[in-house]
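# Predicted model and sequence follow; I will ask about them next.
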Amino acid sequence: MSRGTAKTKKNKIVPEDKFQSIILTKFINYVMKNGKKTVAKRIVYTALDKASKETKLEQMDLFNQVLKNVGPILEVKSKRIGGANYQVPMEVTKDRKNTLAMRWIISSASQSKGKPMADKLADELILAFKGEGNAIKKKQDTHKMAEANKAFAHFARF
C-alpha cells in the first residue's frame with residue numbers, strides 16, 4: 001500500500017514506424033507475447049488492414065474510433081469505509097480508458113477459437129466499430145455495475 005504522494009515515473013514510449021502513433025505502440029505492446037515485437041506488429045498491422053478494407057476507413061481513424069467506442073466512462077472501485085466495502089462508481093481517466101479498451105479488445109479477440117490472431121483481432125475491431133462484440137459488452141457491463149452502485153457515489157470523496 002502506497003504512502004505519500006510520490007508518483008511513479010512513466011517510461012517514454014517511442015512511436016511505431018508505420019503511423020508514428022504512441023497509442024498504437026502501446027496496443028502492439030499489449031498484443032506482444034514472449035518479447036516477439038515483430039510478430040505482434042505483423043498481427044496488428046494485418047488486422048488493421050483487413051478491418052479498414054471492410055469498413056472503408058483509414059486505419060488510424062478506425063483504430064481511434066474503436067478505442068472511443070470501447071473505452072468506459074465510469075467504473076467501480078472498491079472502497080473500505082467503516083468496516084464495509086462499497087463498490088463506488090468513479091470516472092475513468094483518459095489513460096485508463098485507453099488501457100482498458102485495448103485490454104478488452106485483445107482479450108475478447110484471443111478468446112475466440114479457430115482463426116489466426118490477426119483475423120480474430122480484425123473481426124473484433126470491426127465489431128467494436130459497429131458497437132457490437134465482446135469488448136462492447138464488457139463496457140456495457142462496467143457501466144451497468146456503476147449505475148447499480150450510484151447510491152454509493154458520495155463515498156468517492158473519501
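It's in.

# Mind jotting down where the strands sit in this protein?
Assigned by DSSP state E, the strands in the chain fall at 74-81, 84-91.

# Spatially central residue for this protein, please.
Geometric centre of the chain, nearest residue: A101, 1.6 Å, by C-alpha atoms, centre = their mean.

# Now do the contacts for that residue.
Going by C-beta atoms under 8 Å, 6 or more residues apart in numbering, A101 touches 66-67, 70-72, 135, 139. (Glycine included, C-beta is placed from N, CA and C.)

# just checking, N134 touches K120?
No - counting by C-beta atoms under 8 Å, N134 does not reach K120; the two are 10.9 Å apart.

# Which residue, neighbours along the chain excluded, lies closest to N69?
In space, and not counting its chain neighbours, N69 is closest to A128: 5.5 Å by C-beta to C-beta, 6 or more residues apart in numbering.

# which stretches of the chain have low pLDDT?
Counting by pLDDT under 70, the ranges of the chain that qualify are 1-2, 158.

# Helices of this protein, start to end?
Here the chain has its helices, by DSSP state H, at 22-31, 37-55, 59-70, 94-111, 117-130, 133-148.

# Among N134 and K120, which residue is more densely surrounded?
K120 (20 against 17; other C-beta atoms under 10 Å).

# The residue nearest to the centre of the chain and A153, how far apart?
A101 sits 23 Å away from A153, going by C-beta to C-beta, to the nearest Å.

# who's in contact with the most far-flung residue of the chain relative to its centre?
For the chain, the residue at maximal distance from the C-alpha centroid (C-alpha atoms, centre = their mean) is G82, at 33.2 Å. Contact analysis of G82 by C-beta under 8 Å, 6+ apart lists nothing.

# On the strand side of things, show who the closest residue to A153 other than its chain neighbours bridges to.
In this structure, A153 finds its nearest non-sequential neighbour in P89, 5.4 Å apart by C-beta to C-beta, 6+ apart. On the basis of DSSP bridges, P89 is bridged to V76.

# So P89 sits against H154, correct?
No - under the criterion of C-beta under 8 Å, P89 makes no contact with H154, lying 10.5 Å away.
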